[in-house]
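*Asks:* Any chance you could fold what I've pasted below:
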Amino acid sequence: FLSYLGAHQQTRPCNESLMLEKLPACGKFFEEMMKKVDSKKWCNLTEFIKYYDIFTQCTEHEAFYASCFWPNPLVEGFITRIHKQFFSNCTSEDVLWEDPPDEILITLILIPVMLTCAMITLVVWCSKRSDILA
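*Replies:* Just a heads-up that it's a prediction; the model follows:
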């Protein structure tokens, strides 16, 4: 089946105007489904994942129907507009970085320092003992 789609896409050129004509129906469906979800929950993917999956499948279907690859720049632009419409307020707040506890920080610093010292010692010892090791 997939090889048929691949062969089908290669024989007909991408009809971008047809695809752009059909994509708004996908967006309209998604918009109608998102009306069922409380707008305060729009940032919680589990609340609307089923609708989003149908939306992406719809855009994929319309792209293939127009003999276009999916994703493509036009579909990506359409999806981006939908994201801006529904998810523009979902950016996470600034992450507050803080140092790990002192015990962990000291361990994370000392392990590489000790390994470096051990490797230097090993290299120096081997270079002095090259006459015996050769």
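
*Asks:* C-alpha from now on. contacts and neighbour counts both.
*Replies:* Fine.

*Asks:* Which residues outside the helix or strand containing S17 are in contact with it?
*Replies:* If you go by DSSP states H and E, S17 is part of helix 16-34. Contact with helix 16-34 is made by 42, 48, 51-52, 55, 58-59, 62-63, 65-66, 68, 74-75, 78, 82, as judged by CA atoms under 8 Å, 6 or more residues apart in numbering.

*Asks:* Select only the buried ones of these in ChimeraX?
*Replies:* Provided next is the ChimeraX selection string for whichever of the contacts of helix 16-34 are buried by 16 or more other CA atoms under 10 Å:
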select :42,48,51,52,55,58,59,62,63,65,66,68,75,78,82
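
*Asks:* buried stuff in the helix holding S17?
*Replies:* M19, L20, K22, L23, C26, G27, F30, E31, M34.

*Asks:* what's the distance between F29 and L110?
*Replies:* Distance of F29 to L110, given as CA to CA, to the nearest Å: 58 Å.

*Asks:* Then S39?
*Replies:* Distance from S39 to L110, by CA to CA: 50 Å.

*Asks:* just to revisit the earlier point, can I get the buried residues of helix 16-34 in JSON lines with distance to M114?
*Replies:* Compiled in JSON lines, these are given as follows (distance: CA to CA, whole Å):
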{"residue": "M19", "distance to M114": "61"}
{"residue": "L20", "distance to M114": "62"}
{"residue": "K22", "distance to M114": "64"}
{"residue": "L23", "distance to M114": "60"}
{"residue": "C26", "distance to M114": "59"}
{"residue": "G27", "distance to M114": "58"}
{"residue": "F30", "distance to M114": "57"}
{"residue": "E31", "distance to M114": "59"}
{"residue": "M34", "distance to M114": "57"}
